[in-house]
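**Student:** Need a 3D model of the sequence below.
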Amino acid sequence: MKIRQLDFYEFTGVIAPGTIALLAAGLIWPDHLGGILKLDVTVGGLGLGLLLAYVAGHLLQAVGNLLEAGWWGLLGGWPSDAPRTGKSGLLSEAQLAQLQERLRSDFGFKGISLGPDLPVKSWRPIFRQIYAKVHAAGRDDRAHTFNGNYGMFRGIASAAIVAAIAILFARGWPAWPVAAGFLAAAGLALFRMHRFAKHYARETYVQFLVLPRVSVSENTGEGS
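**Tutor:** This is a model prediction of the structure:
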């Protein structure tokens, strides 16, 4: 069976951080986990180590949720919030003007004015509607890939941070070089996570802007 693209990125986004967690666990308890991870046992075609990584990766998603909330909170908002925050240089002034015009014509949001006065709780559902329209038009392949990589690096960063803390807690200060290596990996993963988040938001907006214009009156069958 061919794995759909959505399943593939969801799968790798869980397996990659789970593998890092198992690596750290193997370093902390080599006598207990070393043998298990080397067993050639399959469950439905998946090796036992892969299955353990999958479970560990899912558990790490909670850490990833906290990590991304803190990361974007410190930076003043997600890249997808750029039209209301004016940050990150995601879109040009001309594109922002076009975006506002398309929101009014395509969705009927006549009272929408992009800028800091627009509450985040009002903007997030609008962005999801923008993505839904891009997806329905079949133009979200690149955005989906960027979002999948974002999720993977978010998980890797979370796993590396947890691994560094666990190693220091279990092995003490003498293990600081290993912990530092995990923290360095976390820093690189955060950098990649940040870039893919911007790529995802920019691609979604650009694809929306190049879609054929459809007014609300055309959607409802009303005359203009």
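**Student:** would you list every one of the helices in the protein?
**Tutor:** When secondary structure is read from DSSP state H, the chain shows helices at 5-28, 30-38, 48-74, 82-85, 93-106, 120-136, 141-171, 176-210, 216-220.
**Student:** Export the ones you listed as a markdown table, with columns for distance to I112 and mean neighbour count.
**Tutor:** Any C-beta I mention is one placed from the backbone N, CA and C, and that applies to glycine too. Conversion of these to a markdown table gives the following (distance: least, CB to CB, whole Å; neighbours: other CB atoms under 10 Å):
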| stretch | distance to I112 | mean neighbour count |
| --- | --- | --- |
| helix 5-28 | 30 | 19 |
| helix 30-38 | 53 | 12 |
| helix 48-74 | 22 | 16 |
| helix 82-85 | 10 | 21 |
| helix 93-106 | 5 | 15 |
| helix 120-136 | 7 | 15 |
| helix 141-171 | 22 | 21 |
| helix 176-210 | 14 | 19 |
| helix 216-220 | 13 | 12 |
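**Student:** Save these as JSON lines, and put in mean pLDDT too.
**Tutor:** Conversion of the helices of the chain to JSON lines gives the following (pLDDT from 0 to 100):
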{"stretch": "helix 5-28", "mean pLDDT": "79"}
{"stretch": "helix 30-38", "mean pLDDT": "58"}
{"stretch": "helix 48-74", "mean pLDDT": "89"}
{"stretch": "helix 82-85", "mean pLDDT": "88"}
{"stretch": "helix 93-106", "mean pLDDT": "92"}
{"stretch": "helix 120-136", "mean pLDDT": "94"}
{"stretch": "helix 141-171", "mean pLDDT": "93"}
{"stretch": "helix 176-210", "mean pLDDT": "96"}
{"stretch": "helix 216-220", "mean pLDDT": "52"}
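**Student:** Need these in CSV (columns: distance to S113).
**Tutor:** Compiled in CSV, the helices of the chain are given as follows (distance: least, CB to CB, whole Å):
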stretch, distance to S113
helix 5-28, 34
helix 30-38, 56
helix 48-74, 23
helix 82-85, 9
helix 93-106, 7
helix 120-136, 11
helix 141-171, 25
helix 176-210, 17
helix 216-220, 18
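**Student:** Was I right to think L168 contacts P177?
**Tutor:** No - under the contact definition of CB atoms under 8 Å, L168 does not touch P177, with a separation of 10.9 Å.
**Student:** Provide a list of residues in contact with the closest residue to W72 other than its chain neighbours.
**Tutor:** Nearest residue to W72, sequence neighbours excluded (CB to CB, 6 or more residues apart in numbering): W78, at 4.8 Å. Contacts of W78 were listed using CB atoms under 8 Å, 6 or more residues apart in numbering, and they are W72, A197, A201.
**Student:** The last one: what's it in contact with?
**Tutor:** By that I understand A201. Taking CB under 8 Å, 6+ apart, we find A201 in contact with W78, P79, S80, A82, L90.
**Student:** Just to check, the second one is in contact with E203?
**Tutor:** The reference is to P79. No - P79 is not in contact with E203 according to CB under 8 Å; the separation is 10.7 Å.
**Student:** Which residue, neighbours along the chain excluded, lies closest to G89?
**Tutor:** Spatial nearest neighbour of G89, chain neighbours left out: A82 (8.0 Å); criterion: CB to CB, 6+ apart.
**Student:** do you know how far F153 is from A164?
**Tutor:** Between F153 and A164 the computed distance is 16 Å (CB to CB, to the nearest Å).
**Student:** nope, L183 is what I meant
**Tutor:** The spacing between L183 and A164, counted by CB to CB, is 5 Å.
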